[in-house]
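Asks: Make a model of this:
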Amino acid sequence: MSIAFVKNISPTVKTVTGNDVTMIAGFSKAQLQALTQQSALVADMIEANAFTAAEKMFYLDGLDQMARRFVTTFVQIVEVEIEKIYNAVVKSIYDAIETLAGVKMPVPGAGG
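Replies: Alright, predicted model coming up:
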């Protein structure tokens with residue numbers, strides 16, 4: 001009987017996460033590349049002593065804000081992904097119970 005659940009849950013999670021994992025990885029890579037390039041530019045300017053103290057702080061604060069926005073956005077994307085996985089797993093469990101028991105099971109939160 002537990003095989004019915006495994007057969008339902010595993011493919012469901014794979015389907016839900018398949019394209020999203022690729023999207024998250026692409027987003028992360030692009031953001032980290034931009035942050036790396038910006039950091040290198042700021043480091044070069046600091047090394048060249050091209051900034052006033054105020055400009056230096058401005059650009060360092062900008063790097064901090066870039067990093068914070070990246071991490072905040074990344075966390076939000078992952079939270080959405082977790083919710084999608086959770087919903088898919090719950091639906092899969094209820095579908096398996098419905099199939100095995102022959103009883104219609106309204107999925108919680110699905111308007112069921």
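
Asks: any low-confidence regions in the chain?
Replies: 1-6, 110-112 (pLDDT under 70).

Asks: can you pull out the helices in the protein?
Replies: Remark: helices assigned in the chain by DSSP state H are 2-47, 53-101.

Asks: Now render the ones you listed as TSV, adding mean neighbour count.
Replies: All C-beta spots, glycine's among them, are computed from the backbone N, C-alpha and C. Listed next are the helices of the chain as TSV, based on neighbours: other C-beta atoms under 10 Å:
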stretch	mean neighbour count
helix 2-47	13
helix 53-101	14
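
Asks: possible to save those as JSON lines with distance to Pro108?
Replies: Formatted as JSON lines, the helices of the chain follow (distance: least, C-beta to C-beta, whole Å):
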{"stretch": "helix 2-47", "distance to Pro108": "16"}
{"stretch": "helix 53-101", "distance to Pro108": "7"}
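
Asks: Would you tell me which of those helices gets closest to Val107?
Replies: In terms of C-beta to C-beta, the element of the helices of the chain nearest to Val107 is helix 53-101, at 4.7 Å.
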